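A.B. asks: could you look at this predicted model? Sequence included:
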Amino acid sequence: MTKAGRDRGPPQASAVAAAPWAAALLAAALLGPVAVSQAVGAAPPVPTPPELGCLDRGALYGAHVREWDSARRRAQPGLPKRTEVWRARLTPAGLAGKRVYSWRLPAWEGNLVRWRIHAGHLWWTGEEPESPTFQRVPLIRLFGPEQAEGNFEPYSWRLDPLAELTYANMVSPTASATHDAHYDFVPAGRERMALLVAWRGELQVWRGALNPRPDGRNWVKWDGAIKTAAKDTAALWDFPPSWRARTAVREPFHAFQDRTHLYLVTVSGRLYACPQRGGPTELLWGDRARPIRALVSDAGTGRTFAFTGAGVKGGAVYFELAPRPKPVPYDVKGVAARKEGDPLASLGGYAAVLLKAKKVKPAE
């Protein structure tokens, strides 16, 4: 159960949930030492995840997290890293006009950064341990004439169900630490989204409508949110999920969707799917010799394509995320090796495969 802001305003997490260290200190003072977990997905470090690229109007986007210099990281290990978004035009001759925008957004050590390009916006979360939020920044603020100066507070949104789950399982010594839970969000339409959390063999899905506000106090109106009580000017809310289902997913993942299904691509390169209306997840791709190495989504069409590596008994293939994937061979030699510091180096090769197959369109 979490607190809202004003009775007539958006639901927000409580002050204690927003500052879990305070709850931990209070519990320690009253009960003695307790096991305090980090936020959902905050530990331990994840393996190298599949690369993620997004196409929007013929432009290919990639994201990169730069390391702090070692001295500063040792002195201030809690600071978020500096992050970058790269963009280039996709043409038959290759990528053209590379640009990069660098800023400081949450990207905490050991976490899987989730991001999307959707409806002219960059969606981003780096899993802040103490306050699950995401940013939704207009692309014109990154690459347009009115570039943002680094203040992204007006574009921040809270993930209240995630904050409630984290807080509810934070200070109890008998509760399973929430670092074994993993989540992602999926933009849906221009002003809606879904939040997926896989935890303890169960997939929980919340859906909600975005409510941007001029004063920057943006909030998500989660479907089925229940106002349970009120005290003074504050309200208490519960956020029951839209549905729950069994799942075998027990690692970080990227989530996608089409009209009928939700898809979860794990950091180990497996693909799971479940119906939009609910149901257990089904393993669609689990070839350990040929795990998924890259994902390219098209914001214009809503289609997403997965690329595998080559195995001992099978070559590299790509396929569209669908209830029944149809693998197509591709020449992995035409894709440059993954390059630290330039996410488009290899993503350009994957996008070129799709362009040659007429799965996507080039920049005009």
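C.D. replies: Structure received. Residues are numbered from 1 along each chain as shown.
A.B. asks: okay, now the unreliable bits of this protein?
C.D. replies: 1-47, 67-81, 106, 109-110, 127-131, 145-151, 168-179, 230-235 (pLDDT under 70).
A.B. asks: now do the helices in it.
C.D. replies: 15-18, 20-31, 70-75, 140-143, 160-168, 344-356 (DSSP state H).
A.B. asks: buried residues in the fifth one?
C.D. replies: This means helix 160-168. With burial defined by 16 or more other CB atoms under 10 Å, the residues of helix 160-168 counted as buried are 160-167. For every residue, glycine as well, the C-beta is placed using N, CA and C.
A.B. asks: quick check, nearest of those residues to Gly341?
C.D. replies: Leu162 (30.7 Å; CB to CB).
A.B. asks: these two touch, right, that closest one and Trp199?
C.D. replies: No: contact criterion CB atoms under 8 Å: Leu162 and Trp199 do not qualify, at 10.5 Å.
A.B. asks: state the distance from Ala245 to Ala306.
C.D. replies: Computed with CB to CB, to the nearest Å, the distance linking Ala245 and Ala306 is 22 Å.
A.B. asks: of the two, which one has the most company?
C.D. replies: Taking other CB atoms under 10 Å, Ala245 and Ala306 do not tie; Ala306 has more neighbours (27 against 16).
A.B. asks: in the sheet, who's paired with that one?
C.D. replies: Per DSSP bridges, the residues bridged to Ala306 are Leu295, Phe319.
A.B. asks: make residue 1 into 151 and carry on from there
C.D. replies: Yep, numbering from 151; the last one is Ala456 now.
A.B. asks: any idea how many residues pack against Glu470?
C.D. replies: Residue neighbour count, defined by other CB under 10 Å, stands at 15 for Glu470.
A.B. asks: how about it: what's its closest non-neighbour residue?
C.D. replies: Distances taken as CB to CB, 6 or more residues apart in numbering place Phe455 nearest to Glu470, at 5.4 Å, with adjacent residues excluded.
A.B. asks: what's near enough to touch the one you found?
C.D. replies: 445-447, 468-471, 500, 504, 509 (CB atoms under 8 Å, 6 or more residues apart in numbering).
A.B. asks: can you flag the buried ones in these?
C.D. replies: Buried by 16+ other CB under 10 Å: 445-447, 468-469, 471, 500, 504, 509, out of these.
A.B. asks: that older thread, as a markdown table, the contacts of Phe455 with distance to Phe403 would be great.
C.D. replies: Output for those, formatted as a markdown table (distance: CB to CB, whole Å):
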| residue | distance to Phe403 |
| --- | --- |
| Leu445 | 11 |
| Val446 | 17 |
| Ser447 | 14 |
| Tyr468 | 19 |
| Phe469 | 17 |
| Glu470 | 18 |
| Leu471 | 12 |
| Tyr500 | 19 |
| Leu504 | 22 |
| Lys509 | 23 |
